[in-house]
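>>> how would this look folded up:
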Amino acid sequence: MFIVKWALYSIADIIKVRRFHNGILPFMALTLFAISCQNTSQPPKEIEIVREPEDLNKKTNENISDLISYFQSHEGKISDSIALRMPSSVGLWYDQQDSLRTWSSQKEWLPLADSLFLFVRQGENFGLFPADYHYEQLAGIQNRLKKDSAAMMDVALWARADILLTDAFMQIVKDIKWGRLPKDSVTLRRDTVLTDSFFVAALAGVRENGTLTGYLNSLEPVHSGYRAIREALSNFVDSMDRRVYTYLSYPFTDPVDSVQYINNLRKRLFEADYLSTADEGIPADTLKAAIKAYQKDKGLTVDGVAGPMVVKSLNNTDQERFKRIAINMDRYKQLPDSMPERYLWVNIPAFELQLWDTDTLRLTSKIIVGRAQTRTPLLNSVLTNFITLPQWTVPYSIIYKEMLPKIRANVDYLQKENLMVVDKNDSIIDPHEINWFKLNKNNFPYLLKQREGDDNSLGVIKFNFRNKYSVYLHDTNARGLFSRQDRALSHGCVRVQQWKKLSQYLIKNDTVRYKADTIAAWIKRKEKHVVNFSLKLPIFIRYVTCDVRNGRIILFDDIYGEDKIARETWFRDKLNLPVL
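Below is the predicted model:
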């Protein structure tokens, strides 16, 4: 920046010098311009020691300016090994400053810098990875300045620290407020446009008020689930095993991947002290014996096969658990800044429904959700009504994939399942008069309906809300399934164990009042009623595999593999701080 100005100034002077031949001037102008371009493309100075303390601020600003010019023309890099994460926002910040130096003055860090250093160091308590915020480089600069008095006069070092701290602050703001996951189809945040001016204003506000931690805390989600994780996370972080273990990618389809899998399996069993070496020359019998020993110790089926359960167990290290915690904290960041006064929260992997009213948990219920092959979708909607004694119209997908083969084998299957066949006019058809072998996905002019009653798959009540997936909440005729631990059993709809309490809440809090025993009386008399709500109840169906019970963080099974996808896509290379 400064070199270019000097070059242009020199050219103007040269023009005034008459003794130079006219032919030399263009040559010198091009030469000086070329020199200026070469200099701006050269890596910034690693070291520049000044002698006089009064020169520190001025020379540091000059070095910051050189760094800005360099990273703006080198894709955000300030050196071969260090790249900024928010170069555009960082550039705008310094462009608006009269004095570029932001985090220090003379030979001292400003208090704001000390606060940011500490925050980066303790970032894991926020579900963050310090390495994402130049922790190693900043810690190295701190140590040099503490131990080496000459480094206190190194303006290149101060400049580098300033740029890195600004970039770290802006990335922290982004990750705390919006997270690291991409926006999805159910994200409800309206402020997802990340402008450079937002981050510049954030830093300006923090500099003016001097309250870094308070500001960053204000960016966090207000959802009770997130807050519980945050409060419990420090205990997890303080006790976590920080050793880095070999991660096993599974399943695999490529033969090359299978070879790598076996190599990594040996390494991982060696790390867990089930093998004395990780060398490739280990006999197959030795490897199988190690797998069996591991399975026995972990309460797994002992067969010597390193299948899904073995991989899941070996990968369940504290480092990987922290990644899953961080992923789930980011899922809360996709919610709006404030939740409705009343709402239903359906958490798929927890197999749980919660009813919240004025920040109070009014109801908790076990639920049954979709299998991995027929997933319950993530969605936002509003409960509109419920129906007693509902009739179930079987979706065509279930007819083709599950029922048609059974009907062809024995038509009496329909009677056993309380199903009737109706045509397009809703007239009941005798199933024995139909040639079921001629029917298929492209030729099925009937509907299968299940008669109302306690034997109906929907049970005795159904809660409706608008959605494109045709899913809903309902009772079930297989209530014994609620005793299972793994309740991913449905075709996508959500079965609710505490449907009675939910329906009572809905009629109690609506403007159209009913007596407490009204619904029970309807069901006893087998009466079909549709109850519409004037006050709509929002429903959020989400996928959160992390929760807190008795002050301790727990992780649910990743039943749909969503954690694994997020880990492989966005968190694969993220690392915690090394062993302390």
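
>>> for the protein, what's the longest strand?
Longest strand of the chain, by residue count under DSSP state E: strand 530-542.

>>> break down the stretch 351-500 of the chain into its helices, ranges please.
Secondary structure of the stretch 351-500 of the chain (DSSP state H, counting those that start in this stretch): helices at 396-398, 404-409, 413-416, 499-508.

>>> show me which positions of the third one end up buried.
It refers to helix 413-416. For helix 413-416, burial by neighbour count (16 or more other CB atoms under 10 Å) applies to L414. Glycine gets a C-beta too; all of them are placed from N, C-alpha and C.

>>> so which elements touch that helix?
Secondary-structure packing of helix 413-416 (3 or more CB pairs under 8 Å, 6 or more residues apart in numbering; DSSP states H and E): helix 404-409.

>>> any idea which element the nearest residue to Y135 once chain neighbours are set aside lies in?
Counting by CB to CB, 6 or more residues apart in numbering, Y135 lies nearest to V120, which is 5.4 Å off, once chain neighbours are set aside. V120 belongs to helix 111-121 when elements are defined using DSSP states H and E.

>>> C-terminal to that helix, what's the next element?
helix 135-147.

>>> would you mark the buried spots in that following helix?
Y135, Q137, L138, I141, Q142, L145.

>>> closest to V471 out of the helices of the stretch 351-500 of the chain?
Closest approach to V471 among the helices of the stretch 351-500 of the chain is made by helix 396-398 (12.4 Å; CB to CB).

>>> could you list the low-pLDDT ranges of this protein?
1-41, 188-193, 511-512, 579-580 (pLDDT under 70).

>>> in stretch 395-403, what's buried?
Buried residues in stretch 395-403, defined by neighbour count with 16+ other CB under 10 Å: I399, M403.

>>> what does it contact?
Stretch 395-403 is touched from outside by V394, Y413, L419, N440, K441, F444, L448, S470, H491, with contacts defined as CB atoms under 8 Å, 6 or more residues apart in numbering.

>>> still on that earlier bit, could I get the buried residues of helix 135-147 as a markdown table with distance to V530?
Formatted as a markdown table, these follow (distance: CB to CB, whole Å):
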| residue | distance to V530 |
| --- | --- |
| Y135 | 59 |
| Q137 | 64 |
| L138 | 63 |
| I141 | 68 |
| Q142 | 67 |
| L145 | 73 |
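
>>> quick check: of the residues you listed, which lies closest to Q295?
Distances from Q295 to those, taken by CB to CB, are shortest for Y135, at 38.3 Å.

>>> R227 - how many residues pack around it?
14 (other CB atoms under 10 Å).

>>> mind telling me what element it is part of?
Counting by DSSP H and E, R227 is part of helix 224-239.

>>> relative orientation of that helix and strand 530-542 in degrees?
20 degrees (axes from the mean of the first three to the mean of the last three CA atoms, to 10 degrees).

>>> what about the helix or strand just after helix 224-239, distance to the chain center?
Proceeding N to C from helix 224-239, the next assigned helix or strand is helix 255-271, under DSSP H and E. The chain centre lies 28 Å from the centre of helix 255-271; the measure is CA atoms, centre = their mean, to the nearest Å.

>>> list the helices and strands the very next helix or strand once past helix 255-271 packs on?
Downstream of helix 255-271, the first helix or strand assigned by DSSP H and E is helix 284-297. Packing partners of helix 284-297 (3+ CB pairs under 8 Å, 6+ apart): helix 255-271, helix 308-314.

>>> buried residues in helix 284-297, which are they?
By neighbour count on 16+ other CB under 10 Å, the buried set for helix 284-297 is L287, A290, I291, K292, A293, Y294, Q295.

>>> so the fourth one touches G304, yeah?
Yes: when contacts are counted by CB atoms under 8 Å, K292 is listed as touching G304 (4.7 Å).

>>> first-to-last residue distance for stretch 400-415?
One end of stretch 400-415 sits 18 Å from the other (CA to CA, to the nearest Å).

>>> over to stretch 562-577?
Taking CA to CA, the first and last residues of stretch 562-577 lie 25 Å apart.

>>> flag every buried residue along it.
Result for stretch 562-577 [16+ other CB under 10 Å]: buried residues E562, D563, K564, A566, R567, W570, F571, K574, N576, L577.

>>> over to stretch 249-265?
Within stretch 249-265, the residues that qualify as buried are Y250, Y261, N264, L265, counting by 16+ other CB under 10 Å.

>>> repeat for stretch 70-86
Y70, F71, G76, I78, I82, L84, R85, M86.

>>> which residue, other than its chain neighbours, is closest to the residue nearest the centre of the chain?
Nearest residue to the geometric centre of the chain (CA atoms, centre = their mean): I327, 3.6 Å. Nearest residue to I327 in three dimensions, chain neighbours excluded: A566, at 4.7 Å (CB to CB, 6+ apart).

>>> confirm that the one you found sits in a helix.
Yes: read with DSSP: H, G, I helix; E, B strand; the rest coil, A566 is one of the residues of a helix.

>>> that one contacts N328, correct?
No: using CB under 8 Å, A566 makes no contact with N328, being 9.2 Å away.

>>> enumerate every residue touching D430.
Counted by CB under 8 Å, 6+ apart, D430 has contacts V421.

>>> how close does it sit to F444?
Between D430 and F444 the computed distance is 17 Å (CB to CB, to the nearest Å).

>>> how about S490?
S490 is 23 Å from F444, by CB to CB.

>>> which of these two has more residues huddled nearby?
Neighbour count, other CB under 10 Å: between S490 and F444, S490 has more, with 22 against 15.

>>> so how far is K438 from that one?
Noted for S490: a distance of 30 Å to K438, by CB to CB.
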